[in-house]
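**Student:** Give me coordinates for this.
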Amino acid sequence: MDNLIIEGTRQTPEINFDVESGILKLEGRSIPENTFEFFTPVLNWLDAYVNSSPDKIVAKINLEYFNTSSSKYILEILKKLKVFKVEGTEVLVEWYYEEDDEEMMETGEDYEDVSGLPFEIISFEEE
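**Tutor:** Numbering: from 1, shown residues only. Below you'll find the model as predicted:
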């Protein structure tokens, strides 16, 4: 199975899902004009990846901003990661937020509650 790499733009996040390491990165801004069109390949890739039965997945989510429709798809990604966990894969979500962005921190906490996945909520200083 090939890695999934989607270059980020001013409106879409960079996506880098590495099959070998099990690291799934989602970084940047997510305000695509057509969220369905943008996220469908990501969800389809995850559906195919579950068949490879990885031992461990670390999802590193570092979004500076995302719109409501992107939020729906982030939850869909987390639901798919839950399938991996149920199938025996060790899953960890690292949720990054700028230290003064309390709203993004709370969003990560909400996603942790809703998804039932283990989260590490990690703050960093703004550059």
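**Student:** C-alpha only now, for contacts and for neighbours.
**Tutor:** Noted.
**Student:** which one's the longest strand in the protein?
**Tutor:** strand 56-66 (DSSP state E).
**Student:** Following it in sequence, what is the next regular element?
**Tutor:** Following strand 56-66 in sequence order, the next helix or strand is helix 68-86 (DSSP states H and E).
**Student:** List the neighbours of that following helix that are in contact with it.
**Tutor:** 30-32, 35, 39, 43, 46-47, 50, 53, 90-91, 111, 115-117 (C-alpha atoms under 8 Å, 6 or more residues apart in numbering).
**Student:** Which ones among those residues lie within strands?
**Tutor:** Ser30, Glu90, Val91.
**Student:** picking up where we left off before, ok, and the most crowded of the contacts of helix 68-86?
**Tutor:** Compared across the contacts of helix 68-86, Ser30 has the highest neighbour count, 26 neighbours, by other C-alpha atoms under 10 Å.
**Student:** Let me see the contact set for that residue.
**Tutor:** Gln11, Thr12, Pro13, Leu63, Tyr65, Phe66, Asn67, Ser70.
**Student:** what's near enough to touch the second one?
**Tutor:** Under the criterion of C-alpha under 8 Å, 6+ apart, the contact list for Thr12 reads Gly28, Arg29, Ser30, Ile31, Pro32.
**Student:** Recalculate using a threshold of 7 Å.
**Tutor:** Contact partners of Thr12, counting by C-alpha atoms under 7 Å, 6 or more residues apart in numbering, are Arg29, Ser30, Ile31, Pro32.
**Student:** Any chance of a markdown table for these, columns pLDDT and distance to Val86?
**Tutor:** Compiled in a markdown table, the contacts of Thr12 are given as follows (pLDDT from 0 to 100; distance: C-alpha to C-alpha, whole Å):
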| residue | pLDDT | distance to Val86 |
| --- | --- | --- |
| Arg29 | 97 | 30 |
| Ser30 | 98 | 28 |
| Ile31 | 97 | 31 |
| Pro32 | 96 | 31 |
